[in-house]
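Asks: the following block contains a protein sequence and its predicted model.
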Protein chains: 4
Amino acid sequence: MTDQLAHAPSYLAEYVEQVDALRELGYRYWQEGWSRGTSSNYSVLLQRDPMHILVTASGKDKGRLSRGDFVVVDGAGNRIHEDAPKSSAETLLHCIGYQCLPEVGAILHTHSPWATVLSQRFFPAKGIELQDFEMLKGLRGVTTHQQTVWLPIFDNTQDIPALAAQVQLFAQNYPSQLAYGYLIRRHGLYTWGRDLDEAARHVEVLEFLLECLGRTICMQ
Amino acid sequence: MTDQLAHAPSYLAEYVEQVDALRELGYRYWQEGWSRGTSSNYSVLLQRDPMHILVTASGKDKGRLSRGDFVVVDGAGNRIHEDAPKSSAETLLHCIGYQCLPEVGAILHTHSPWATVLSQRFFPAKGIELQDFEMLKGLRGVTTHQQTVWLPIFDNTQDIPALAAQVQLFAQNYPSQLAYGYLIRRHGLYTWGRDLDEAARHVEVLEFLLECLGRTICMQ
Amino acid sequence: MTDQLAHAPSYLAEYVEQVDALRELGYRYWQEGWSRGTSSNYSVLLQRDPMHILVTASGKDKGRLSRGDFVVVDGAGNRIHEDAPKSSAETLLHCIGYQCLPEVGAILHTHSPWATVLSQRFFPAKGIELQDFEMLKGLRGVTTHQQTVWLPIFDNTQDIPALAAQVQLFAQNYPSQLAYGYLIRRHGLYTWGRDLDEAARHVEVLEFLLECLGRTICMQ
Amino acid sequence: MTDQLAHAPSYLAEYVEQVDALRELGYRYWQEGWSRGTSSNYSVLLQRDPMHILVTASGKDKGRLSRGDFVVVDGAGNRIHEDAPKSSAETLLHCIGYQCLPEVGAILHTHSPWATVLSQRFFPAKGIELQDFEMLKGLRGVTTHQQTVWLPIFDNTQDIPALAAQVQLFAQNYPSQLAYGYLIRRHGLYTWGRDLDEAARHVEVLEFLLECLGRTICMQ
C-alpha cells in the first residue's frame, strides 16, 4: 500500500492491525471483481459490551482503502468519534449481525456478479439451498457434503432498518450454528465468522458455490 | 512503469500527474481485458475556456502507455503542440462530451467483451435499460437501486463527426444528470465523471452491470 | 512469502525445498480459484521404502501456506513426527496413489469450479472421456491428440477408506501408463506425475480440458 | 525472472533481447491461460537470407521459459547449433509462414480455451468469418470495422509437413495483406506480424474477437 494511504487517524491508532487486515481483504475482493464501484463493506467486532464495531466508511474505493476510510460505531450504528467519516449506509446490518449472533467477530459483504444475478434468479424461491458439495466443509462446523445450507434472499431496499429487521428475524429463528449468510436481491452476499479469517474463508466458500451454481445453470 | 516509458515530452511536463494517472488506468483496463489490441482511449479536461483536453495518442498499447503517448487538443480536436503524436481517431467524441456536459472533467472509453457483444444484442432496442441493481448507486447522484439508467447504443461508423453528432443529440436532449454513458455497437462503452476518479468508478459500475446482464442472458 | 510464514519446524528442515515448491503451487492454485476455502491438498513422495510422504496439513488456507502447514506420513497415512499438525483428511488417497502407481512422485488435488460442476454432470456416465484435443499431448507419454484419456468419476463420500478402495481398484485395473487422474463428484480433480513439475503440468492440462468441455456445453 | 533462468547459452548470446521478449510474452500468455501445459510456441525471424529463425524449444513451460529454452533453426527447420535443444514440434509451421509471407517478422501460436472450442464448432464451415467489429482495426492495414477477415480452420494432425502444406496453400492463394492467421482444430491460433509487437497485437485482437464470438453463442 502506498505511503499516502498509510497514515492512520488518531482515533484508529489502536486498531491499525484490524484496519490493515480489512484493507488487504478489500484489495483482494476488488481484484476478484467482488467489490467494484465502491460497493460492499466489511467490519470486525472490537468489543461486545458495550459494542464497538470497526466498519468501512461510506462510498470508498475498496481497491485502495486508506487507513482513514474506517469508522468505529456502537451497537446502534452511531459513530464513536465525531471526526470520523460517515460509516457505510448498511452499518445497521453489521450491528444486527453482531447482536443476534453471539459468536460472530467479523462480517463481510461482497457484491460479486454471480451473487447479484443468482439472488435475482432464486428470489421467487426466497433463498438458495446448497447441498452435496464438498466445498461446504469449508464452513465452520460442517463435516460432510451432505449437510444442507440455506442462504435466504431478502428483497433489496434502501430502508436499512426494515432490511435489518428481516435479517434479525432470520438470525433469531434459524439455528445460529447453521446461519452462514444471506443474499440481498441484486445486491450481493453477507457472511460472517468468529474472526476475520473465518469470515474470509466463508466468503471464498460461498462465492465458489454460487459460481458453481451459476455455471451449472449455464450448461442446462 | 519502466524507465524507458518515464520520459515526458516537454509539452506535457506540466501534466505529468494526469498523464501518469491515465497510464495507470490503461494498465488496469488492459489487464482486465477492457483495452486490448490498442483499443479504447481516455481523456481529462485540462481547462475549459479555451478548451484543452489531454487525450491518448492514436494506436497505442494501453498496457504500456509511455508519457509520450498523450496529446493536448483544443475543443475542435486539433493538436495544441505540433510535435505531439496524432490523437486518438475518436478524439471528437471526447470534445463533444466536454462541450455538452458542463460538469464533466474526465471521459473514459473501454472496449470489453461484454460491452461489445451486448451492444450488438440490444442494438435493435437502441439501448440498454439498467434498473433494480444496487450497484447503480455507484453512479453519481443515484441514491436508490430503483433509479433507471438508460445507456443508448449508437451504430458504429468510421465517420466520427457523424457519430459525434449523435452523441451531441443525446447529451443535449437527455437530462445531463442522468446521462452516464453510451455504447457504440460492437465497439464498447463511453462514460465520464466530474473527475478521473468518478469516471473510473463509473467504468467499474457500468462494466459490472453489463457483466451481470450478460451472465443473466447466458442462464436463460 | 512473508517472514512469519518462513519458519520451518525442525522435523521438516530437510524438506524445505519441497515444502516451498508446494507452497508456491498452493498460492498459484488459490489465485486461479482452484484451491479456495482451504480446499484441495498436495503431496510429494519423499522415499518409497519405507514410504514417507510430505502432504499438506488439514484445513489450511492454500493461498498462504506456511512452512509449518505440512506433515510427513507413512504409507498408512500415520504421522511420522508426533508434533506435526493433523494431515489432510484425504491423506489416504495420496497413500493409495503412491502404492498403486510405482512411478508416481507427486500427487495434486485441485478443486476448481469446472471440475466441480462437470463431475456432477458426467457422474451418470461414471467418467469423462477426453479425446481429439491437442492439449492431451501435455500428458506424459501421449504423442497424438487421437489418444483417448478416461477420467473416472467416483461418488463423493466422507468414508475415505471406501473412496481409497475405489481409487485402488481403478489404479490396479486400468493400464497405469494411461491413468492420469480421476474426479470425485462435486469435489474436484486428483492427478499426479513422476515429479512435481509433471504433476503440475497434468493439473494445467486437465483443468484446461475441463474448461473446454464446460464452455462447449455452454454453447450448445 | 529468477537468476537461474537468466543464463543464456553461448549460441544465443547475440539474441538475448529477442529471447527475453519472447520469455515475457510466454509469461503473459501463460497467465492468461493461452499457453498452459507447455502448449503453444513463438518465433521471431532473425535473418531472411539465409533464413534463421529463433523459436521456442519443444515441451517447455511457457510460464517460466529460461534463456536456454530457445533454438535457432534454418528455413527447413533444422537446428543451426548442435548443442541447442530440440525445437518445437510445429517448427515447420513457422518456417512456412516466413517463407510464404515476405513481410512477416514474428509468428505466435496461442492455445486458448476459446480458440480450442470455436475451432471445433466452426470446423464444418472450414473457418471463421470476422466482421463488423471495431476491434478488427487492431489488425495491420484494417481501417474500418466493415472489413471482413477470414480465419481458416485446418484439421489437426501430427503430420506437420501435411499441415504445413495446407498453411502454404492458404498463404500463397489468399491475399497476403488479408492473411492474419489461422486456427487448427482443437489446437489453437497462429497469427503473425511484421515484428513481435505487431504479432502480439494480433494475438490480442484475435483472441478478443474469439471470446466475443464465444460469448455471443453462449447467449443464444
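Replies: Great, that's in hand.

Asks: where do the helices sit along chain A?
Replies: In chain A, the helices defined using DSSP state H lie at A:16-32, A:91-100, A:113-121, A:160-173, A:196-218.

Asks: any chance of those helices in JSON lines, with distance to chain D, mean pLDDT and mean neighbour count too?
Replies: For every residue, glycine as well, the C-beta is placed using N, CA and C. Output for these, formatted as JSON lines (distance: least, CB to the nearest CB, whole Å; pLDDT from 0 to 100; neighbours: other CB atoms under 10 Å in any protein chain shown):
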{"stretch": "helix A:16-32", "distance to chain D": "14", "mean pLDDT": "98", "mean neighbour count": "18"}
{"stretch": "helix A:91-100", "distance to chain D": "34", "mean pLDDT": "96", "mean neighbour count": "23"}
{"stretch": "helix A:113-121", "distance to chain D": "13", "mean pLDDT": "98", "mean neighbour count": "24"}
{"stretch": "helix A:160-173", "distance to chain D": "33", "mean pLDDT": "93", "mean neighbour count": "16"}
{"stretch": "helix A:196-218", "distance to chain D": "7", "mean pLDDT": "98", "mean neighbour count": "22"}
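
Asks: could you dump the ones you listed into TSV with distance to C:Glu198 added?
Replies: What follows is the helices of chain A, written out as TSV (distance: least, CB to CB, whole Å):
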stretch	distance to C:Glu198
helix A:16-32	30
helix A:91-100	47
helix A:113-121	34
helix A:160-173	49
helix A:196-218	27
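
Asks: make sure A:Ser35 is actually in contact with A:Thr110.
Replies: Yes: if you go by CB atoms under 8 Å, A:Ser35 and A:Thr110 touch, sitting 6.2 Å apart.

Asks: so how far is chain C from the nearest residue to A:Ala8 once chain neighbours are set aside?
Replies: Nearest non-adjacent residue to A:Ala8, counting by CB to CB, 6 or more residues apart in numbering or on different chains: A:Arg67, 4.0 Å away. Here A:Arg67 is placed at a distance of 20 Å from chain C (CB to the nearest CB, to the nearest Å).

Asks: now do A:Ser40
Replies: Between A:Ser40 and chain C the distance, using CB to the nearest CB, works out to 18 Å.

Asks: was I right about that residue contacting A:Thr191?
Replies: No: judged on CB under 8 Å, A:Ser40 makes no contact with A:Thr191 at a distance of 11.6 Å.

Asks: what is in contact with these two at once?
Replies: Common neighbours of A:Ser40 and A:Thr191, counting by CB atoms under 8 Å, 6 or more residues apart in numbering or on different chains, are A:Leu108, A:Thr110.

Asks: what's near enough to touch whatever residue of chain A ends up closest to chain B?
Replies: Closest approach between chain A and chain B, counting by CB to the nearest CB: A:Gly37, at 3.4 Å. A:Gly37 makes contact with B:Met135, B:Gly138, B:Arg201, B:His202, B:Glu204, B:Val205, B:Phe208, according to CB under 8 Å, 6+ apart.

Asks: what do you get if the cut-off is 7 Å, keeping everything else the same?
Replies: B:Met135, B:Gly138, B:Arg201, B:Glu204, B:Val205, B:Phe208 (CB atoms under 7 Å, 6 or more residues apart in numbering or on different chains).

Asks: same thing with A:Glu90?
Replies: With contact taken as CB under 7 Å, 6+ apart, A:Glu90 is in contact with A:Asn41, A:His109, A:Ile160.

Asks: okay, those residues in CSV with distance to D:Ala171 next?
Replies: Shown next, in CSV, are those (distance: CB to CB, whole Å):
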residue, distance to D:Ala171
A:Asn41, 57
A:His109, 55
A:Ile160, 64
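
Asks: on that earlier part again, counting neighbours, what do you get for the residue nearest to A:Ala8?
Replies: Neighbourhood size, A:Arg67 [other CB atoms under 10 Å in any protein chain shown]: 18.

Asks: what do you get for A:Pro175?
Replies: So A:Pro175, with other CB under 10 Å, has 6 neighbours.

Asks: distance of the residue nearest to A:Ala8 from A:Ala84?
Replies: Between A:Arg67 and A:Ala84 the distance, using CB to CB, to the nearest Å, works out to 12 Å.

Asks: same question for A:Gly77.
Replies: Separation of A:Gly77 from A:Ala84 (CB to CB): 13 Å.

Asks: neighbour count winner among these two?
Replies: Counted by other CB under 10 Å, A:Gly77 and A:Ala84 do not tie: A:Gly77 has more neighbours, with 22 against 17.

Asks: which residues does the more buried one contact?
Replies: A:Ser87, A:Thr91, A:Leu92, A:Cys95.

Asks: dump the residue contacts of the nearest residue to it once chain neighbours are set aside.
Replies: Once flanking residues are discounted, A:Gly77 sits nearest to A:Thr91: 4.3 Å by CB to CB, 6+ apart. Contacts for A:Thr91 (CB under 7 Å, 6+ apart) come out as A:Val55, A:Val73, A:Gly77.

Asks: so which of those residues is the closest to chain D?
Replies: Distances from chain D to the contacts of A:Thr91, taken by CB to the nearest CB, are shortest for A:Val55, at 34.9 Å.

Asks: my read is that A:Leu151 contacts A:Leu183, right?
Replies: Yes: in this structure, A:Leu151 is within contact of A:Leu183 by CB atoms under 7 Å, at 5.6 Å.

Asks: neighbour count: the two, which is higher?
Replies: A:Leu183 (26 against 23).

Asks: thought the more buried one was touching A:Ser119?
Replies: Yes: using CB under 7 Å, A:Leu183 is in contact with A:Ser119, at 4.1 Å.

Asks: find residues that contact each of those two.
Replies: Contacts common to A:Leu183 and A:Ser119, judged by CB under 7 Å, 6+ apart, are A:Ile153.

Asks: got the residues of chain A near chain C?
Replies: A:132-135, A:138, A:144-145, A:201, A:204-205, A:208, A:211-212, A:215-216, A:218-219 (CB under 7 Å from any CB of the partner chain).

Asks: at 8 Å instead, please
Replies: Contact residues (CB under 8 Å from any CB of the partner chain) of chain A with chain C: A:132-135, A:138, A:143-145, A:197, A:201-202, A:204-205, A:207-208, A:211-212, A:215-216, A:218-219.

Asks: average model confidence for the longest strand along chain A?
Replies: Taking DSSP state E as the criterion, chain A has its longest strand at strand A:41-48. Averaging pLDDT along strand A:41-48 gives 98.

Asks: name the helices or strands packed onto that strand?
Replies: Judged by 3 or more CB pairs under 8 Å, 6 or more residues apart in numbering or on different chains; DSSP states H and E, strand A:41-48 is in contact with helix A:16-32, strand A:51-56, helix A:91-100, strand A:106-110.

Asks: what is A:Thr191 paired to in the beta sheet?
Replies: A:Leu108, A:Gly181 (DSSP bridges).
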